[in-house]
Each structure stands twice: as structure tokens, then as C-alpha cells.
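Asks: When you get a sec, could you give me coordinates for this:
(one chain, ligands or ions: 1)
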Amino acid sequence: MAHVLGQNQYGKAETRLVRITRGGTRHEVKDLSVSVALSGDLDDVHLSGSNANCLPTDTAKNTCYAFAKQYGIGSAEEYGIRLARHFVDDVEPIHRARIRIEEYFWDRIRTPGAQGRFIGSEEVGHSFVRRGSEVRTAEVVWDGSALQVVSGLHGLVVMNSTDSEFWGYIKDRYTTLQEAYDRVLATEVTARWRHSFTGAPGQPEPDWDACWAEVRRHLLEAFAETYSYSLQQTLHAMGIRVLDHVPGVDEIRLQLPNKHHFVVDMAPYGLKNENEVFFAADRPYGLIEGTVHREGTVPVIPVD
Ligand SMILES: O=c1[nH]c(=O)c2[nH]c(=O)[nH]c2[nH]1
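Replies: Coordinates of the predicted model:
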């Protein structure tokens, strides 16, 4: 029975790419997931085992990074057109290129300001919060005599494009991590905080919405304003900021995955990546967790 090879395409899917443009203190961020699908004279690749017409998917991925470095992103459409044209115009066997791009949006974190690190209108030039992935949580327990109210949030994704270092750690025979003196620090905050309110007679009930907004604001401000030597240190700074500013909160537990941004090594293709183009890895990730509570209180938010 005769067989026919029908439609086929191939490429690298979901290349996670972050491009930072560092114009002075006001950085610009483009965060993309890029999927390339190529088709053309690829019958031999499928039928004969000859890869003579095969541009490796690894090269497609590298091209995404290299183009981000060389030409910037501009808009997703411009970047996609540039890539699609390249694959078809410059790679002989490729006759069609489909580039799919998802773009994730980042808003600048605003804080009341601190000397030197901030730019106009209270925006922090290097601190960002990702739009649209956040969830508010609440857990209430009543045992007939006291209430326990734990508020929280998850999916609050934040990034500092500078002001983060990580060095001086233990080095054993398995350590390969290079010390970092200017790295991207990004995390997706999960926070739960317990209110001192127990519903006892005469105790005023907090304005839950206002309190939630306050805690969120202080988490963001602390993240943006902390010059970080580790995510652990940032976690502590975020926790104490909340306890110092929100009197009705006795305890806060934070889970901070370290959303690693690896500087793409472009030396093999003759480009110098000056802390501009990153591979945004989703796993594995470091997971930094901790509770900060008021002295004299017993922490009760479970460790999970
Ligand atoms: O902030 C960090 N804390 C760590 O414990 C750690 N470990 C690691 O590999 N990178 C980092 N970064």
C-alpha cells in the first residue's frame, strides 16, 4: 500500500524570552513565548533520514534569542515578521514559517519613593508586576469561640531587572552556579497572613478589602525597594514590611519561587549578550519559603 506524507511542520515551541532594554534607570521589558513552525522541502528528512534540509529546532530557538538581541523586539508583530522572513528568505529549504507569540505584560511598581533609586511619578525604573495572573484568597475558621482569619494572594508575579546579587554561597564539588552581581530577580508571590482579629466582643472588625490592599501594596513596595543579596533576604524584607505597616496582621507566610532568568550565552553565534536577553526558565525553580510573625505570637499558618 502506498503512503503519502501529508502536511508537516516543525520548529521550537514556547521559547521563553525576556528582553530588557536598560536606558539609564528606566528599564523596558519585553516578555514573550515564541513558537516557530517551519515547513518546506522536508520530505527527505521524513522519508530518507537525510537531515540535509533540516534547520535544527535548536537553531530556531537561538535565532529567536539572537534577533531579540540584535534588533530588539519592538512589537510582537514586528518581531514575528522579522523572524518569519528570515527563515523563509535565508534558509533555502524553508518555504513557510509560522511564528506564534504570546506576550506577557508588566506594569511598573509604584512606591512613595526613596532617594536615588526612583524615577518620576513614583515609578521604580527596574521593578515590575505582571498583569493579570493574580488571585485573592481567604480562609476563615470558627470553632465556636474564636475566629481565625487568614487572607492571602497568589499569582502575584514581580520582577526586578537589577538590584539583585547572589554570591558568597557554599561551593562544593557539585556547585556550578556562577556568582551573580547583577541578576534579574523574579518571583510569583504566594502570601498568607493571619489577622489578630478573633471576633471577641468589642473587637472592631477590620476593613478586609482595605487591609488586603495595604498588605499587597507593602509586599510590592518592599520587593521593589530592597536591594537583594538573596530571595531569602527579600522574603524577610517583605514580611517585616507588612508587620511594620499593617497593625492588624500578626503573621505572614510567604512562598517565593525563584523564577530563574538565565543570561543566554550568545558567544557561540558571535554576539555579546550584555545582560539583555534571558531564557525565562519555568522549572526547576528554587522555592524560598518562610514565616515572619510578631514576637510573642505563635505562628499557626501551616507549612505545606
Ligand atoms: O536568592 C537565591 N537564593 C538561593 O538560595 C539560591 N540558590 C540558587 O541556586 N540561586 C539562589 N538565589
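Asks: I'd say residue 165 and residue 183 touch.
Replies: Yes: between residue 165 and residue 183 there is a contact under CB atoms under 8 Å: 6.8 Å. Quick note: C-beta positions are derived from backbone N, CA and C, even for glycine.
Asks: Settle it for me: which of those two has more neighbours?
Replies: Between residue 165 and residue 183, residue 183 has the larger neighbour count (other CB atoms under 10 Å), namely 23 against 16.
Asks: phi, psi of that one?
Replies: phi -120, psi 170 (degrees, to the nearest 10).
Asks: Pull the number of nearby residues for the closest residue to it other than its chain neighbours.
Replies: Excluding the flanking residues, the one nearest residue 183 by CB to CB, 6 or more residues apart in numbering is residue 164, at 5.0 Å. Residue 164 is flanked by 24 other residues according to other CB under 10 Å.
Asks: One more: residue 152?
Replies: Neighbour count of residue 152, defined by other CB under 10 Å: 21.
Asks: what residues does the stretch 151-300 of the chain put near the ligand?
Replies: 166, 177, 230, 231, 232, 258, 286 (CB under 6 Å from any ligand atom).
Asks: Kindly indicate which of the residues you listed lies nearest residue 157.
Replies: When these are ranked by distance to residue 157 (CB to CB), residue 258 comes first, at 12.4 Å.
Asks: wait, the residue nearest to residue 183 sits on residue 181?
Replies: No: using CB under 8 Å, residue 164 makes no contact with residue 181, being 9.3 Å away.
Asks: So for the two, which residues contact both of them?
Replies: Counting by CB atoms under 8 Å, 6 or more residues apart in numbering, no residue touches both residue 164 and residue 181.
Asks: Walk me through the domains of the protein.
Replies: Per automatic domain parsing, the domain ranges recorded for the chain read 9-144, 146-304.
Asks: Compare the ones you listed and give me the one nearest residue 2.
Replies: Closest to residue 2 of these is domain 9-144 (CB to CB; 12.5 Å).
Asks: which residue packs closest to residue 40, ignoring adjacent ones?
Replies: Residue 40's closest residue in space is residue 95 (CB to CB, 6+ apart), at 3.9 Å.
Asks: And that neighbour, how far from the ligand?
Replies: 44 Å (CB to the nearest ligand atom, to the nearest Å).
Asks: Lowest average pLDDT across the domains of the chain?
Replies: Set side by side, those give their lowest mean pLDDT on domain 9-144, at a mean of 93.
Asks: What's the end-to-end length of it?
Replies: 63 Å (CA to CA, to the nearest Å).
Asks: Same check on stretch 264-281?
Replies: 11 Å.
Asks: buried ones in it?
Replies: 264, 266, 271, 273, 276, 277, 278, 279, 280 (16 or more other CB atoms under 10 Å).
Asks: and these, which two are the farthest apart?
Replies: Greatest spacing in the buried residues of stretch 264-281, by CB to CB: 271 and 280 (18.7 Å).
Asks: beta partners of the residue nearest the centre of the chain?
Replies: Note on the chain: the residue nearest the mean C-alpha position is residue 186, at 4.6 Å, using CA atoms, centre = their mean. Counting by DSSP bridges, residue 186 is bridged to residue 159.
Asks: Perfect, I'm done here.
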